[in-house]
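Undergrad: The following block contains a protein sequence and its predicted model.
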Amino acid sequence: SMIGVTGATGAVGGAVARGLAAAGQPIRLIVRDASRAPRLPGAQVATAAYGDRAGMRAALVGVQTLFLVSASEDANRVALHTTAVDAAVAAGVERIVYLSFCRANSDATFTFARDHWQTEQYIRGSGVRLVFLRDNLYLDALVDRWISPEGLIAGPAGDGRAAAVARDNVADAAVTVLLDGSGHDGQTYDLTGPQEVSLGDVAEAVAAASGRVVRYYAETREEAYASRAHYGAPRFEIDGWVSGYVAIANGELEGVTDAVPQLTGHPATDLEDVLRAHPESYAHLL
């Protein structure tokens, strides 16, 4: 049966698409820009955006299972998700595997996690079969996005720790769930790495791998808002950035699970192995 994959131009969606294609699974890549879609054997490409219900419905006709990657940060992110879900239901999609976030809840400190919770509730009410993959922070992103070219990680995370997970592990888990037609239906999996890490741990590991001086500075919330003001981003987006660090400080991203080894059959990847496998993640420091 056909599996639809959204987010195929991104890191996790692209890895999922490659994994499904390698398994010989018929897939349809739903992307906004067909020229950026990965070229994979046997893969169909359809162009649609989450907010375009008619376009999404047309792109999903004939798809039985949909891998739904969350939309980029947007003030109307939940509406984009619900429109995509409505389109999937109208197209006859029978099963949605949604890439959510750890501890998604209506009152989560990390404001973007609240978007995921609302999306989960909407999918539950849609009548389709479902699986939720709640990943922790990405280990790779702590390196390639959270460390400045000057070698500084700064944010109000205090001494908190997160059970951050490698993107490759998330993709492997998603491929397992997608290829299993119904065995995981109704389940919610918290995908984590094999250990909890602090931002100080990240700085130390990246310094050892890169040979650069990398340090972590625990900002106050006020300092965090001030240091990000120059981006000119809307308030909701800065709230999301800052609250992610605060969630770490509050211990909300702690807790190692066995979901990755359970689903993939291999151990979850630790920070040092991520750095060895993906030196490009710290190339901006060199």
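TA: Yep, that arrived.
Undergrad: Do you have the strands of the stretch 51-200 of the chain handy? List them.
TA: Assigned by DSSP state E, counting those that start in this stretch, the strands in the stretch 51-200 of the chain fall at 65-69, 95-101, 129-135, 152-155, 161-162, 188-191, 197-198.
Undergrad: With respect to Gln262, which of those strands lies nearest?
TA: For Gln262, the closest of these is strand 188-191, at 8.1 Å, according to C-beta to C-beta. Every C-beta, even on glycine, is put in place using the N, C-alpha and C of the backbone.
Undergrad: List the pairing partners of the closest one within its sheet, with orientation.
TA: In its sheet, strand 188-191 lies beside strand 129-135 (parallel), with partners assigned from DSSP bridges.
Undergrad: would you put the C-alpha positions of the partner strand in CSV?
TA: Written as CSV, here are the backbone C-alpha positions of strand 129-135 (Å, rounded to 0.1, in the frame of the first residue of the first chain):
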residue,chain,number,x,y,z
ARG,A,129,-5.8,4.8,12.9
LEU,A,130,-2.8,6.6,14.5
VAL,A,131,0.7,6.4,16.0
PHE,A,132,2.4,9.3,17.7
LEU,A,133,6.2,9.5,17.7
ARG,A,134,7.2,12.0,20.3
ASP,A,135,10.9,12.8,19.9
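Undergrad: which residue ranges form the helices in the stretch 151-286 of the chain?
TA: 167-179, 199-210, 221-228, 235-249, 259-264, 271-277 (DSSP state H, counting those that start in this stretch).
Undergrad: where's Val63 relative to Ile96, distance?
TA: Per C-beta to C-beta, to the nearest Å, Val63 is found 10 Å from Ile96.
Undergrad: Show me which of those two is the more surrounded one.
TA: Neighbours per residue (other C-beta atoms under 10 Å) separate Val63 from Ile96, with Val63 holding more: 25 against 22.
Undergrad: Touching, that one and Pro26? I think so.
TA: No: contact status for Val63 versus Pro26: not in contact, 9.7 Å apart, counting by C-beta atoms under 8 Å.
Undergrad: what sits in contact with each of these two?
TA: With contacts taken as C-beta atoms under 8 Å, 6 or more residues apart in numbering, the residues that reach both Val63 and Pro26 are 2-3.
Undergrad: residue contacts, Val93?
TA: Val93 touches 4, 60, 63-66, 128, counting by C-beta under 8 Å, 6+ apart.
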